[in-house]
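Enquirer: predicted model and sequence below, questions to follow.
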Amino acid sequence: MSNPRKRREALVYHAKPTPGKIKVVPTKKYATQRDLALAYSPGVAEPCLEIEKDKNNAYKYTTKGNLVAVISNGTAVLGLGNIGPEASKPVMEGKGLLFKIFADIDVFDIEVDTENIEEFIQTVKNIAPTFGGINLEDIKAPEAFEIEKRLKEELDIPVMHDDQHGTAIISAAALLNALELAEKNIEDVNIVISGAGAAAISCSRLYQSCGARRENMVMLDSKGVIRSDRENLTSQKAEFATDKDLNTLDEAMKDADVFIGLSTSDIVSPEMLITMAENPIVFAMANPDPEIAYDLAVKTREDIIMATGRSDHPNQVNNVLGFPFIFRGALDVRATKINEEMKMAAVKALARLAKEPVPEQVNIAYGETKLMFGRDYIIPKPFDPRLIAEVPPAVAKAAMDSGVAKEPIEDWERYENQLLERLGSDNKMVRLLINRAKMNPKRVVFAEADHLDVLKAAQIAYDEGIAYPILLGRKEAIKTLMEEIEFDVDLPIIDPKSDEEIERKNRYAEAYWKHRKRRGVTLYSAQKKMRERNYFAAMMVNEGDADALISGYSRSYPSVVKPMLELIGKAKGASRVATTNIMMTQRGPMFLSDTSINIDPTAKDLATIAQMTSTVVKMFGMEPVIAMTSYSNFGSSHNDRASKVREAVSYLHRFYPDMIVDGELQTDFALNSEMLQDIFPFSKLAGRKVNTLVFPNLEAANITYKLLKELNKADSIGPIMMGMRKPVHILQLDASVDEIVNMTAIAVVDAQQKEKREQ
Ligand SMILES: NC(=O)C1=CN([C@@H]2O[C@H](COP(=O)(O)OP(=O)(O)OC[C@H]3O[C@@H](n4cnc5c(N)ncnc54)[C@H](OP(=O)(O)O)[C@@H]3O)[C@@H](O)[C@H]2O)C=CC1
Ligand SMILES: CC(=O)C(=O)O
Ligand SMILES: [Mg+2]
């Protein structure tokens, strides 16, 4: 990573707010003395004794069954080489993060300080009782082969060296698909493999199992082509030694159909690509920098099918697509090992999935218009939610069929539902939102760009391609801050107080005056108002000089809302302006309305707020399931406050019968579908997962959202302004940089939608 700013960003990401990327969180209650007596002494003795009687009970009473060890000694960390156990820890924590977000598997990362094979094996064996599976990582060849072989033989839990088999599975699936596109047979193709380490050897073996012929393979290590007349070859290298009279990569690449890179960066030149056969398949998988840069390769050969291990180009062939799902399947049937049948099942499931139509959600998540099986899409994307429903069942089934599953699955439909549930708590909403914004970025005015956090957010929005920022504020202050954060881009900077803007201010003042002259505004007072950033910014949007506006970082919410309502006003047909907040909770995203505007809405207002929120929920690709909340359940109180909510519900039921909305309901019933089903089976919400709460008044909504935000420390998006004529969005006082970026994306998406409606 040569860009110094990106380098710093990566370091800050790892350092702040707490060092590292993962932590341990209790899953049981621990509030009372009683809880503690169960969690620890004396209660804890009971499961101990049960496990003493039968070790399998560890799966019943402890985390073992969902806990994987990611273990390394730091001898082959990515393509960085032998950087030692401590230095490998960020990668191992990273794998832990990926295990969790993609497959809901918990991980302890373990870095072992030894390069001695026996010591390493003994260490893993000694700690194995803790875990349901062992993921060996970034251990160099040839030691990795012996370590994995022995641990597989000596342990009765699944052991997989991810760099070997994870990589082999993913790249084999991608290779089969690429060959189909190139219209070539795996039996016939010439394959050059750069690298003869853990990953390369294992990949080459799996390609052979898929039909590739060893005599068509040429493998290279750091010394050049591995020829059979070379001395002192390890047994694994000897397995792939060639009789061909070749010495260098240049020579090997001539007429090759496939290049597999699992070695190091920048060793393939454009000249080498030119000598390859037609429709060359190039998988440059060294991390973090591939054997040849993606852009250079696709520029050199138009007919190339190109993949790298990185996420920033099409076709990411990276073991991240494998290890979470392979272990998920293996753990779920309590497999004793990960065998060839299970690996092949994963290859086939991945290859097959790439050919299926891609759900819109995935297109949006990756900022693509239409992903389709082809040169730029030979393998599914890691954030494809179908992966968890497809790959683990395939692996689990293969484990059962091959006789290594101790707990076979009986109800497959139930299992698939459980798998999908596991994805509930990630923050894919944010990703979806950002990517949707990136598809058609808009000009966003940042009305307080002379504040560091606002400027940082504008920088991220610009860098990520979310928006074209227009920076409002004191010019010198903005320029100084830009220098400080190395935001070296030529963007419009406008100071509404400066005389430079006189022509524009007059124009805006005139327009404002014309609009409000019968409501007490004089031309003079209009001119004065245009020196205020929020009025100026709102007029920019009004007059089409900007597409959206972000403000409110340094002022109280009402003081910013007022000019916006005055200048921009409500959308045509909107009877109300209101806000919703999206909270990322354990049970998935929740929409909470109205969190910021309407102090005591009437029944009709509440119905309008529910309808508007429903539109926003749909904008995120979700089906709105709305609870109208109260302190009362379906008429249990006759107080006016409860009746108001009831009235709103009956209005919605009468005029919008298709809306899935009900109430009035207490929030525990709204959120606990079993309880709701038991006590109020007649409800429209019974058996459904509520994702939207409409509150009876501002106090309830605002208090709840702030409480959730602080207690959960969860991501939140909002308040999202609903019902405004133009995309203006107001931040909470002192919003974080992330929150401002999210709001920017909201503003852009809002502008996109409004533009669409106007067309
Ligand atoms: N995209 C993905 O999912 C994955 C990518 N990888 C990448 O693959 C690479 C290797 O990883 P791994 O197998 O675990 O590591 P190993 O240390 O086991 O193997 C590295 C291999 O690369 C060879 N090598 C080094 N320099 C060159 C060179 N200039 N030309 C040809 N070969 C060379 C080494 O040769 P020698 O034997 O002579 O030392 C060795 O055989 C790394 O860059 C890693 O990031 C790994 C796993 C997954
Ligand atoms: C992706 C991976 O595991 C590696 O590069 O080592
Ligand atoms: Mg690795």
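Expert: That came through, no problem. Residues are numbered from 1 along each chain as shown. Ligands and ions are numbered 1, 2, ... in the order given.
Enquirer: isn't T580 up against P719?
Expert: Yes - when contacts are counted by Cβ atoms under 8 Å, T580 is listed as touching P719 (6.9 Å). Every C-beta, even on glycine, is put in place using the N, C-alpha and C of the backbone.
Enquirer: got any residues that touch both of those two?
Expert: With contacts defined as Cβ atoms under 8 Å, 6 or more residues apart in numbering, the residues shared by T580 and P719 are T595.
Enquirer: and the protein, which of its residues are near ligand 2?
Expert: L78, D138, D162, D163, N287, G309, N318, N319 (Cβ under 6 Å from any ligand atom).
Enquirer: ligand 3 next: which of those residues are close?
Expert: Subset of these in contact with ligand 3: D138, D163, counting by Cβ under 5 Å from the ion.
Enquirer: what lies in contact with stretch 530-548?
Expert: 442-445, 447-448, 467, 470, 472-473, 494, 496-497, 501, 504-505, 507-509, 511-512, 529, 549, 551, 555, 560, 563-564, 567-568, 726-729, 747-748, 750-751, 755.
Enquirer: buried ones from those, can you make that a PyMOL selection?
Expert: Selection of the buried residues among the contacts of stretch 530-548 in PyMOL, burial being defined by 16 or more other Cβ atoms under 10 Å:
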select buried, resi 442+443+444+445+447+448+467+470+472+473+494+496+501+504+505+508+509+511+512+529+549+551+555+560+563+564+567+568+726+727+728+729+747+748+750+751
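Enquirer: the contacts of stretch 530-548 in helices, which ones?
Expert: The helices, defined by DSSP state H, take in 504-505, 507-509, 511-512, 529, 560, 563-564, 567, 747-748, 750-751, 755 from those.
Enquirer: ok, now how distant is the residue in the chain that ligand 1 sits nearest to from P563?
Expert: Ligand 1 sits closest to G197 of the chain, with a gap of 1.8 Å, by Cβ to the nearest ligand atom. For G197, the distance to P563 (Cβ to Cβ, to the nearest Å) stands at 63 Å.
Enquirer: check P270 too.
Expert: 57 Å.
Enquirer: equivalent analysis for K64, please.
Expert: Distance from K64 to P563, by Cβ to Cβ: 59 Å.
Enquirer: wait, isn't S204 in contact with N216?
Expert: No - the criterion here is Cβ under 8 Å, and S204 misses it with N216 at 10.9 Å.
Enquirer: between these two, which has more neighbouring residues?
Expert: S204 (23 against 18; other Cβ atoms under 10 Å).
Enquirer: show me what M724 bridges to in the sheet.
Expert: K570 (DSSP bridges).
Enquirer: write out the residues of the protein neighbouring ligand 3.
Expert: Residues of the chain lying near ligand 3 (Cβ under 5 Å from the ion): D138, D163.
Enquirer: got the domain ranges for the chain?
Expert: 4-157, 432-567, 578-723 (automatic domain parsing).
Enquirer: which residues of the stretch 351-500 of the chain fall in strands?
Expert: 442-446, 467-472, 493-494 (DSSP state E, counting those that start in this stretch).
Enquirer: for K53, list the residues it contacts.
Expert: Taking Cβ under 8 Å, 6+ apart as the definition, K53 has no contacts.
Enquirer: check whether stretch 292-305 comes near ligand 1.
Expert: No - in terms of Cβ under 6 Å from any ligand atom, no part of stretch 292-305 sits within range of ligand 1; the closest distance is 12.3 Å.
Enquirer: any chance you could list what contacts that stretch?
Expert: In contact with stretch 292-305 (Cβ under 8 Å, 6+ apart) are residues 178, 181-182, 261, 266-270, 273-274, 276, 278-282, 284, 306, 308, 310, 313, 315, 375, 378.
Enquirer: narrow the residues you listed to those in helices?
Expert: Short answer: these in helices (DSSP H) are A178, L181, A182, P270, L273, I274.
Enquirer: picking up where we left off before, any common contacting residues for S204 and N216?
Expert: I191.
Enquirer: who's in contact with stretch 352-369?
Expert: Counting by Cβ under 8 Å, 6+ apart, 173, 177, 370-373, 377-381, 383-387, 390-391, 428, 431-432, 435-436, 438-439, 621 sit against stretch 352-369.
Enquirer: so where's the protein uncertain?
Expert: By pLDDT under 70, the weakly predicted segments of the chain are 1-2, 360-361, 364, 367, 369, 424-428, 714-715.
Enquirer: near ligand 1, which residues of it?
Expert: Counting by Cβ under 6 Å from any ligand atom, the chain sits next to ligand 1 at 76, 78-79, 140-141, 163, 167, 194-200, 220-223, 262-264, 267, 285-287, 309, 317-319.
Enquirer: can you tell me which of the residues you listed are in helices?
Expert: Those of the residues of the chain next to ligand 1 lying in helices (DSSP H): D163, T167, A198, A199, A200.
Enquirer: neighbours of the last one, how many?
Expert: By that I understand A200. 28.
Enquirer: wait, it touches I193, no?
Expert: Yes - using Cβ under 8 Å, A200 makes contact with I193 at a distance of 5.2 Å.
Enquirer: what touches both of those two?
Expert: M219, I260, L262.
Enquirer: tell me which of those is nearest to ligand 3?
Expert: L262 (10.3 Å; Cβ to the ion).
Enquirer: coming back round to it: just send the strands of the stretch 351-500 of the chain back as a markdown table, with distance to S41 too.
Expert: Rendered in a markdown table, the data for those read as follows (distance: least, Cβ to Cβ, whole Å):
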| stretch | distance to S41 |
| --- | --- |
| strand 442-446 | 56 |
| strand 467-472 | 56 |
| strand 493-494 | 64 |
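Enquirer: and the residue of the stretch 201-350 of the chain closest to ligand 2?
Expert: N287 (3.5 Å).
Enquirer: any idea how far the closest residue in space to that residue that isn't next to it in sequence lies from G84?
Expert: With Cβ to Cβ, 6 or more residues apart in numbering as the criterion, N287 has its nearest non-adjacent residue at 4.2 Å, and that residue is L78. Distance of L78 to G84, given as Cβ to Cβ: 13 Å.
Enquirer: do the same with A178
Expert: 36 Å.
Enquirer: who are the neighbours in contact with the residue nearest to Q316 when sequence neighbours are not counted?
Expert: Excluding the flanking residues, the one nearest Q316 by Cβ to Cβ, 6+ apart is R310, at 6.2 Å. For R310, the contact set (Cβ under 8 Å, 6+ apart) comprises N287, P288, P290, Y294, Q316, N318.
Enquirer: count the residues that sit near L38.
Expert: L38 has 16 nearby residues by other Cβ under 10 Å.
Enquirer: secondary structure class for it?
Expert: helix (DSSP: H, G, I helix; E, B strand; the rest coil).
Enquirer: quick check: the gap between it and K64.
Expert: 19 Å.
Enquirer: repeat that for D109.
Expert: 17 Å.
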